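A.B. asks: Predicted model, plus sequence, below.
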Amino acid sequence: MGRYRPPAPKSSPYITRSGYDRMDNELTALWKRRAEVTRAVTAAAAEGDRSENAEYIYRKKELRGIDRRIRYLQKRLPELTIVEAAPSDPTRVFFGAWVKLEDEQGEEHVYRVVGSDEIDVDKRYVSMDAPLARALFKKQSDDELEITTPKGTSWYVIVDVQYGDDLPY
């Protein structure tokens, strides 16, 4: 008997060109990896009793994970809208913007507003569905923000807004 999980809210369908290419390359690589794992499952199955065959059990589990990711990518990629053009007003924050913020302590933070499929903490990519990004939309330099998150309320000032794939700061 499984536990009921309500469906996740639909995430925004926007993505940058580089993010789309990365996901498409991942799908291609997964198909190649799937062929390798399928051969390994076949070889492990030929060894005999499958109920006590650790190699067979492990490879079947790996194959399920690969199939799940392939299924997700095949459904998600056609839904996505690639955003390549900069907005008509590049002084305001929209999708794809690099935003430099200053917090209450005077520390600067840089984030890029991207789609939900591209979130990457190391690259400082934040989802456009996140509270921070929603508060930033349509704001411009020198605007002040109050952002309420589960950790509490924070105040920021927008220092700069730029567009492009590479980190401008």
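C.D. replies: That came through, no problem.

A.B. asks: Just after the helix or strand of the chain with the lowest mean pLDDT, pick out the following helix or strand.
C.D. replies: Sorting the helices and strands of the chain by mean pLDDT, DSSP states H and E puts strand 144-149 at the bottom, at a mean of 89. Proceeding N to C from strand 144-149, the next assigned helix or strand is strand 152-163, under DSSP states H and E.

A.B. asks: pLDDT (mean, whole number) over stretch 115-125?
C.D. replies: When pLDDT is averaged over stretch 115-125, the result is 93.

A.B. asks: Pull up the distance across it, start to finish.
C.D. replies: 9 Å (C-alpha to C-alpha, to the nearest Å).

A.B. asks: Output the least confident helix or strand of the chain in PDB with nothing but the alpha carbons.
C.D. replies: Taking C-alpha atoms only, strand 144-149 is exported to PDB below (Å, rounded to 0.1, in the frame of the first residue of the first chain):
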ATOM      1  CA  GLU A 144      14.500  47.900  -2.400                       C
ATOM      2  CA  LEU A 145      12.900  44.400  -1.800                       C
ATOM      3  CA  GLU A 146      11.400  42.700   1.200                       C
ATOM      4  CA  ILE A 147      11.500  39.000   0.800                       C
ATOM      5  CA  THR A 148       9.600  36.600   3.100                       C
ATOM      6  CA  THR A 149      10.900  33.100   3.100                       C
END
